[in-house]
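Colleague: take a look and give me a structure for this.
(4 chains)
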Protein chains: 2
Amino acid sequence: MTEHQRGRKRRSIKTNNASSSATVSDVARLAHVSTATVSRALNTPDVVRLEVRERIAAAVEKLGYIPNDSARALRQNQTRLIGVVVPTLSYALYADFFASLQGTLAQDGYFALLTTSDYDLHSEAEHAIKLIRQGAQGLVLVGRLREKRLANFLAASGIPHVSTYVTDPTDNENIIGFDNARAIREAVEHLVSLGHRRIAMLSGVTTKQNDRAIARVNGFRIATQIHQLPSESWIAEAPYTIEGGRLALRAILARGLEPTALVCGSDMLAIGALQECKARGIHVPRDISIVGFDDLEIAAHLDPPLSTVEVPSVEMGKAAGEHIIALCSRAPAPEKTIFETRLVIRKTTAKPRSREIITQRASRRRTPSDLLVFSSS
Amino acid sequence: MTEHQRGRKRRSIKTNNASSSATVSDVARLAHVSTATVSRALNTPDVVRLEVRERIAAAVEKLGYIPNDSARALRQNQTRLIGVVVPTLSYALYADFFASLQGTLAQDGYFALLTTSDYDLHSEAEHAIKLIRQGAQGLVLVGRLREKRLANFLAASGIPHVSTYVTDPTDNENIIGFDNARAIREAVEHLVSLGHRRIAMLSGVTTKQNDRAIARVNGFRIATQIHQLPSESWIAEAPYTIEGGRLALRAILARGLEPTALVCGSDMLAIGALQECKARGIHVPRDISIVGFDDLEIAAHLDPPLSTVEVPSVEMGKAAGEHIIALCSRAPAPEKTIFETRLVIRKTTAKPRSREIITQRASRRRTPSDLLVFSSS
DNA sequence: CGCGCTAATGTAATCCATTACATGTGCGCG
DNA sequence: CGCGCACATGTAATGGATTACATTAGCGCG
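Modeller: Sure thing, here's the model as predicted:
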């Protein structure tokens, strides 16, 4: 009866070469114990006698046994996989976020399945659902706004998920984020306190339903309203790239506006704006002050060093990891974790010149491109 | 007999709310077919009658059925998971590589399990093995050099894996890479052809067993030997950071050497060197020529725009993805895919001044830091 | 001496989808 | 008319680890 496994095809490999991966049964046979004991020796060693444990360990070693995780996952109904969808990895902000998240997950034996959506909600939904099908037990997403299909799916399935990089006072989703609107408001406050009244905003594209961008624009609207400044026509949208920043600033200037300060929805836009200013001979911060958003590593190395809003990507990654693990293991988790942003004031913000007039030299660029350079300090 | 499922706890949820995830049995019951037919309807629809298929589709819809992938993976013995270990994601080079790899994997229904090693071979080994335990069917690694434990493990288990960013003529592993040594050699050739004879190399840390860094240094040794130039004392090692680049250049200068050109093991080192030059009033490229490595996006935006070696990260990501999929599905795969690098000559390389003497002003920096700035172009 | 308890291990059910094999139906063709 | 084949579907084995429950041995204590 103990030999009912006799006819198994794998028997021939009993000796050593684990080419076709050994199973608990193989280990059990070699160690002269039952599969149950093998399993226990591996998972709850303290309930197995030392001598037996060593025999099993030797067998495991000899066979090069690796537990089949699919089988374990099937039985225990938990895969230890977390799906992560970020807009892009090319933007250091999200790369750092993921690195932090992944490290946190690893501490508890979880793994991250990562995909990128390229800022496209439809793509995000597709990927998220595929990740679930693939066995992800939870999802970490960026932003709170989702395609209806995904929203329904998440609601119906009850799959644990967290939203990051945002906050939304009106709902009680699981959120790990910060207040985009308030951060922009603080940036505007700073500029106003320096004496600025003609403030433009360079925003990321909001029509793509990027709720971080939308929240930042709303922050701008609120701030301008408080200080009775104009807003709508002082907003320009562009993609989150250096070129986008240039285009956005050009659009503002082309409207005949003469801003003394720019609030940007991202450091990339700020870099583009900075470049455009240089190209036009507009001095920063004397002629125009600029505030960025994200505090990329490069921001501190620009000339002038960029004043910007510091975003706690690393902290969010950690918190998101802890939060989603808690949800997946049914441990208690806080409903929200909201981080503070910090306005880092460097050298691109200053008082406006009194009665300033910006000379808009429509200087044609001669050099092949507009370049980042090092100051000679 | 057809009612042997009767006692199942899940029965009460038969109607709608799929809170506790439906199974094939649930779908089968609702559609009045067997589980086999459900499975077929989902996987090989053409063998199931249309009418039945629709009934099943309706049941799937109604129950919100999602196949349990652990079960499928167990049965079919394939998880569609690929483990990926890169040194870091903070370096755009690897972020882009991964993005490309992931996109390629997704096309064939594979998913990437991503971890970072922080350039530590031990960490790489740990992660790689954990990824396998977690169910990864293949591994994509950076570099060919591995900790012994991992090398043995891979050899013994026969798990499909590819090495990237390197090439090694002496073995026939599965490699998707490029010739680091040759790329550096070409950089040196370029400098020599411009008339340089005093060429220093700023290398990444080779003691960390970073075989990309090692290969690049070897390329430098070979090139200098060919042209009968000095080598060993003209090499400085430092971490792959801007600060590292500065330190390395300082070390070279502190040795009393007066290079007219620098070959750098990465763009980060080159950026640091550029910064240090500016800080010392050394003009680039008039006083010193600089060649970077990697061609990060920022390289073209520096001032002067950096001459550098273009590394085909995106192409490698794609090729690595296709290669590992081929290995995992036992399709034929080429043994190696070697890409060409390309020396992108921008503005940091020029002829050396005849009888040049570098004035080493040990200028104490006054400004708080050394900065990247935009040219006014 | 024997009851009852604990510790250690074995037996077999279980997780869920896939699939080899069996069954049944209907049709074409000799 | 009936054989044989194709098609559609059902039945039940299968994959590997975990774990509820059963069993056995050993020990303490009355």
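
Colleague: chain center to stretch A:157-168: distance?
Modeller: 13 Å (Cα atoms, centre = their mean, to the nearest Å).

Colleague: just the CA trace of it, in PDB.
Modeller: Provided in PDB are the C-alpha atoms of stretch A:157-168 (Å, rounded to 0.1, in the frame of the first residue of the first chain):
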ATOM      1  CA  SER A 157     -14.800  41.500  -7.600                       C
ATOM      2  CA  GLY A 158     -13.700  43.100  -4.400                       C
ATOM      3  CA  ILE A 159     -10.100  42.800  -5.300                       C
ATOM      4  CA  PRO A 160      -7.900  44.700  -3.000                       C
ATOM      5  CA  HIS A 161      -6.400  47.800  -4.600                       C
ATOM      6  CA  VAL A 162      -4.900  51.100  -3.600                       C
ATOM      7  CA  SER A 163      -4.700  54.400  -5.500                       C
ATOM      8  CA  THR A 164      -1.600  56.500  -5.200                       C
ATOM      9  CA  TYR A 165      -0.400  60.000  -6.000                       C
ATOM     10  CA  VAL A 166      -3.800  61.500  -5.300                       C
ATOM     11  CA  THR A 167      -6.200  62.200  -2.600                       C
ATOM     12  CA  ASP A 168      -9.900  62.600  -2.800                       C
END
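
Colleague: got a list of contacts for it?
Modeller: A:97, A:132, A:137-144, A:153-154, A:173-180, A:211-212, A:215, A:311, A:316, A:320, A:323-324, A:327-328, A:336, A:338, B:18-19, B:21, B:64, B:66 (Cβ atoms under 8 Å, 6 or more residues apart in numbering or on different chains). Placement of C-beta: from N, CA and C, glycine included.

Colleague: now with 6 Å?
Modeller: Stretch A:157-168 is contacted from outside by A:138-144, A:154, A:173-177, A:179, A:211-212, A:316, A:320, A:323-324, A:327-328, A:338, B:19, using Cβ atoms under 6 Å, 6 or more residues apart in numbering or on different chains.

Colleague: rounded mean pLDDT for it, please.
Modeller: The pLDDT scores in stretch A:157-168 average 92.

Colleague: is DNA strand C within reach of it?
Modeller: No. Using Cβ under 7 Å from any atom of the strand, stretch A:157-168 stays clear of DNA strand C, with a minimum separation of 13.4 Å.

Colleague: could you do stretch A:75-82 as well?
Modeller: Yes. With Cβ under 7 Å from any atom of the strand as the measure, stretch A:75-82 is seen reaching DNA strand C through A:75, A:77.

Colleague: now do that stretch: everything it contacts.
Modeller: Residues contacting stretch A:75-82 (Cβ under 6 Å, 6+ apart): A:73, A:105, A:109-113, A:135-138, A:324.

Colleague: just the residues you listed: which are in helices?
Modeller: A:73, A:105, A:324 (DSSP state H).

Colleague: just among these, which is most surrounded?
Modeller: A:Ile324 (28 neighbours; other Cβ atoms under 10 Å in any protein chain shown).

Colleague: for it, give me its contacts.
Modeller: A:Ile324 sits next to A:82, A:138, A:140, A:162 when contact means Cβ under 6 Å, 6+ apart.

Colleague: buried among those residues? Make that a ChimeraX selection.
Modeller: Buried residues within the contacts of A:Ile324, by 16 or more other Cβ atoms under 10 Å in any protein chain shown, are selected in ChimeraX with:
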select /A:82,138,140,162
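
Colleague: any idea which of the contacts of A:Ile324 is closest to DNA strand C?
Modeller: Nearest to DNA strand C among the contacts of A:Ile324 is A:Gly138, at 17.8 Å by Cβ to the nearest atom of the strand.

Colleague: that closest one pairs with what?
Modeller: A:Ile82 (DSSP bridges).

Colleague: for the stretch 151-300 of chain A, which spans come out with low pLDDT?
Modeller: Applying pLDDT under 70 to the stretch 151-300 of chain A picks out no residues at all.

Colleague: near chain B, which residues of it show up?
Modeller: A:156, A:158, A:274-275, A:278-279 (Cβ under 6 Å from any Cβ of the partner chain).

Colleague: in the stretch 201-350 of chain A, what residue is nearest DNA strand D?
Modeller: Taking Cβ to the nearest atom of the strand, the stretch 201-350 of chain A has A:Ser329 as its residue nearest DNA strand D, at 13.3 Å.

Colleague: check contacts around that residue.
Modeller: No residues are in contact with A:Ser329 under the rule Cβ under 6 Å, 6+ apart.

Colleague: local confidence estimate at it?
Modeller: 87.

Colleague: let me see the backbone angles for the closest residue to A:Gln137 other than its chain neighbours.
Modeller: Spatial nearest neighbour of A:Gln137, excluding adjacent residues (Cβ to Cβ, 6 or more residues apart in numbering or on different chains): A:Cys328 at 5.0 Å. Note on A:Cys328: backbone dihedrals following degrees, to the nearest 10 are phi -70, psi -30.

Colleague: how about A:Ile338?
Modeller: Dihedral angles (degrees, to the nearest 10) for A:Ile338: phi -110, psi 130.

Colleague: for burial, what's the neighbour tally of it?
Modeller: Neighbours of A:Ile338 using other Cβ under 10 Å come to 15.

Colleague: then the one 4 residues further on?
Modeller: Taking other Cβ under 10 Å as the criterion, the count of residues near A:Arg342 is 14.

Colleague: so what pairs up with it in the strands?
Modeller: So, taking DSSP bridges as the rule, A:Arg342 has A:Glu310 as bridge partners.

Colleague: isn't it up against A:Pro312?
Modeller: No. Look at A:Arg342 against A:Pro312 with Cβ atoms under 6 Å: they stay out of range, at 8.4 Å.

Colleague: pull out the buried residues from the contacts of stretch A:157-168.
Modeller: Using 16+ other Cβ under 10 Å as the burial test, the contacts of stretch A:157-168 include A:138-144, A:154, A:174-177, A:179, A:211-212, A:316, A:320, A:323-324, A:327-328 as buried.

Colleague: filter those down to just the ones in helices.
Modeller: Using DSSP H, those in helices are A:154, A:211-212, A:316, A:320, A:323-324, A:327-328.

Colleague: and A:Ile222, how many neighbours?
Modeller: Count around A:Ile222 with other Cβ under 10 Å applied: 16.

Colleague: contacting residues for it?
Modeller: Applying Cβ under 6 Å, 6+ apart, the residues near A:Ile222 are A:Arg185.

Colleague: my read is it is in a helix, agree?
Modeller: Yes. Remark: A:Ile222 belongs to a helix, assigned using DSSP: H, G, I helix; E, B strand; the rest coil.

Colleague: brilliant, that's me finished.
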